[in-house]
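>>> pasting a predicted model and its sequence here:
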Amino acid sequence: MVRRHEAPSRSTPMHYDVAIIGAGMSGLAAGIRLAYFDKRVCILEKHYAYGGLNSYYTIDGRSFDVGLHAVTNFAPPNVRQAPLAKLCRQLRLTRDDFAMHPQRFSEIRFPGRTLRFSNDIAELTDEVAREFPHQKDAFQRLLTVVREYNDVRLDAKPLSARRVLRAHIDDPVLTEMLLCPLMYYGSAEEHDMDFTQFVTMFKSILLEGFARPVDGVRTIIKMLVRKYRSCGGKLRMQCGVDRINVKGGTVESIVLDSGEQITADVVFSSAGFHETMGMCSDHSQNVPDDPVGRISFVETIAVLDEHPHQLGHDAAIVFFNDSDVFDYAVPNELVDLRSGVICCPTNYEGHESVKDSLFRVTWLANYARWNSLDEVAYREAKASLLADFRRRGESVIPGFSPHIVYTDMFTPRTIQRFTGHANGAVYGSPRKRRDGRTRVENLFICGTDQGFLGIIGAMLSGVTIANLHVLSQA
C-alpha cells in the first residue's frame, strides 16, 4: 500500500535485446531472425492490424488488401540465389508457407503499343522485338547489364536510371514503358529512379515475376506472426511509441503512448527515417536538408459479380499511360488520371474459386490537396473519383459498370493515418539508408527507408539489418 504523501515506486522498465518499432513485413522478419538466435525481442505496433503498408481490412463482411497487388521475386525454386530462396533460408520457411500462385500475364499499355510479360523473361523479350524491332539488340544488352549488376550491395552510389537507359535504349517510348511499372512499384523519386532501385525492381518484376496467395496478403502476415510468436518473440499491438529518449548519442529508453518505458540494447524502426528521427528526444539528430518522400497514391476498389476474365479481361496487372511520355510525379491536382495501375487479383492461376472478384485502379495523388479538404469536400472528391474509376473500367472492360456490387477507396490521408508516413509517402524518403544506420549509435532503420523493395524485399530488409547490426556482432 502506498502511504499518503509518499510517491509510489516506479517499476523497473522491461528490457530487451532488441526493440522493433512497427509490425510490418520488415519488423516481423527481423524479429523472427533475431528470435531464432535466442534474442529477447519485442515488436511495438501502434495499430490493431499487422502488416504496415501491406495490410488488410474487412468492411461490410468483405476483405480487402491494402498495398498488395502482387508478390514480386517469384523466381523458380532451383534459383538458390534469388531473393525468395534467400529469405526462406534465413527465416527457415518453405515456398509452400507463402501459398503463392503465379500470374498468367500482365501488360504495359501506352497509346498504340502494348508489352505483355509473364514470369518468363522470354515473353517480354519477344514483345520488345515485336513492338520495337530496332531495339531488340539494345534490350538484350540492357538485360546483360541488369543481370550482372549487384543491386544488394549496401554502399552503392546514386546513379540515374534514365541516364543508364539512354546509354542503351535509343527509343524514348521503350524507355518510358520500361520505367512505368518499375517506378509505380518502387520509386520514391519523382521523374527518375536510382539505378540500383531500377535493377532491383527490374529483376523482381520482369526477370522473376508476380505471384499471389489466394487469400491475399493476410496469408503471409499471419504466417509471419505465427512464426514470430512460436519463436518466443513478444508482440504488443495498439502500443504506439511517443518518444525515443536519446542520451549521449544512444537510445536510453523508449517511451510508449501510455507513458510506460522500455529499454533495449538495440532499436530497429520500420516507421521511416524522418518519422523515426522525429520521435527522438535529441532533435539535433534530424537532418533538415534530407528529402522527405512525396509519392502517394489513391486506389479505388470494386467488387464485381463476375470475374474479370469472364468479362474478357485476362491480365493480372496492367500498367497504363495515356501518352508516349510517362510523368511520374506528384500531381498538381488531387489525382493524375493519365497513368496508373489496374489490378485484378483473381486473374492468377488457382484463384478461380475466390468469392469476391476485385477490380482495383491505383493513381498518383497529391497528399497536401487531399489533406486540405474538409469532410464534405473529401466525400465529394471521392465521389467524383468514383466516376473516373467507372470510366477507366469501361475502357478496359466494356459494360463494366453494371457488374459493380460494392466499392471502396483509400486516399493519401488513409495511408498517412494508418502508417504514420509523412505526406502519405508510400515509398518513404528518396534517400535510402541501405546499411540502416542513423546518427544514433544503436538505432537502425529497416523497411521502406532502408531500400529493399516489395514484400520479399521488405522481409529481406529486416533480415539484413538484424544480421548486420546484431547477429554479426555477437
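Yep, that arrived.

>>> same for whichever helix or strand T196 is part of, what does it pack against?
If you go by DSSP states H and E, T196 is part of helix 195-201. For helix 195-201, the contact count by 3 or more CB pairs under 8 Å, 6 or more residues apart in numbering; DSSP states H and E identifies helix 161-168, helix 172-184 as packing neighbours. C-beta: built from backbone N, CA, C; applies to glycine.

>>> most tightly packed of the ones you listed?
Comparing the helices and strands packed on helix 195-201 by mean neighbour count (mean count of other CB atoms under 10 Å), helix 172-184 ranks first with a mean of 22.

>>> got the angle between that one and helix 161-168?
Using axes from the mean of the first three to the mean of the last three CA atoms, to 10 degrees, the direction of helix 172-184 lies 150 degrees away from that of helix 161-168.

>>> run through who's touching helix 172-184.
Residues outside helix 172-184 that contact it (CB atoms under 8 Å, 6 or more residues apart in numbering): 106, 108, 110, 113, 115, 128, 131-132, 135, 139, 161-162, 165-166, 169, 193, 197-198, 201-202, 205-206, 317, 319, 321, 324-326, 328, 339-341, 362.

>>> okay, and which of those residues map to helices?
The helices, defined by DSSP state H, take in 128, 131, 139, 161-162, 165-166, 197-198, 201 from those.

>>> can you redo those residues as JSON lines with pLDDT?
Shown next, in JSON lines, are the ones in helices among the contacts of helix 172-184 (pLDDT from 0 to 100):
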{"residue": "V128", "pLDDT": "98"}
{"residue": "E131", "pLDDT": "98"}
{"residue": "F139", "pLDDT": "98"}
{"residue": "A161", "pLDDT": "97"}
{"residue": "R162", "pLDDT": "97"}
{"residue": "L165", "pLDDT": "97"}
{"residue": "R166", "pLDDT": "95"}
{"residue": "Q197", "pLDDT": "93"}
{"residue": "F198", "pLDDT": "96"}
{"residue": "M201", "pLDDT": "95"}
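
>>> what's the farthest-apart pair in those?
Maximum pairwise distance among the ones in helices among the contacts of helix 172-184 (CB to CB): 25.1 Å, between E131 and Q197.

>>> so those two - more neighbours on which side?
More crowded of E131 and Q197, by other CB atoms under 10 Å: Q197, with 26 against 19.

>>> who's in contact with that one?
Contact partners of Q197, counting by CB under 8 Å, 6+ apart, are 151, 161, 182, 186-187, 432, 451, 453.

>>> same question for G451.
G451 makes contact with 196-197, 432-434, 461, according to CB under 8 Å, 6+ apart.

>>> if we go to 6 Å?
By CB atoms under 6 Å, 6 or more residues apart in numbering, G451 lies in contact with 432, 434.

>>> and it, helix, strand or coil?
Under DSSP: H, G, I helix; E, B strand; the rest coil, the three-state class of G451 is coil.

>>> okay, it and A383: tell me how far apart.
38 Å (CB to CB, to the nearest Å).

>>> now A49
27 Å.

>>> quick one: low-confidence ranges for the stretch 251-400 of the chain?
Scanning the stretch 251-400 of the chain with the threshold set as pLDDT under 70 gives 283-288.

>>> would you map the strands across the stretch 51-200 of the chain?
Shown for the stretch 51-200 of the chain, the strands assigned by DSSP state E, counting those that start in this stretch span residues 55-59, 62-66, 100-102, 106-110, 113-117.

>>> please identify the most buried of these.
strand 106-110 (a mean of 23).

>>> what ranges do the helices span in the stretch 251-400 of the chain?
273-279, 367-371, 375-396 (DSSP state H, counting those that start in this stretch).

>>> for the second one, buried residues please.
The reference is to helix 367-371. Neighbour-count burial for helix 367-371, counted by 16 or more other CB atoms under 10 Å, picks out 367, 369-370.

>>> distance to P308 for those - can I get that in a markdown table?
As requested, these are exported to a markdown table (distance: CB to CB, whole Å):
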| residue | distance to P308 |
| --- | --- |
| Y367 | 30 |
| R369 | 31 |
| W370 | 28 |
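
>>> now do the contacts for I317.
If you count contacts by CB under 6 Å, 6+ apart, I317 has them with 69, 106, 343.
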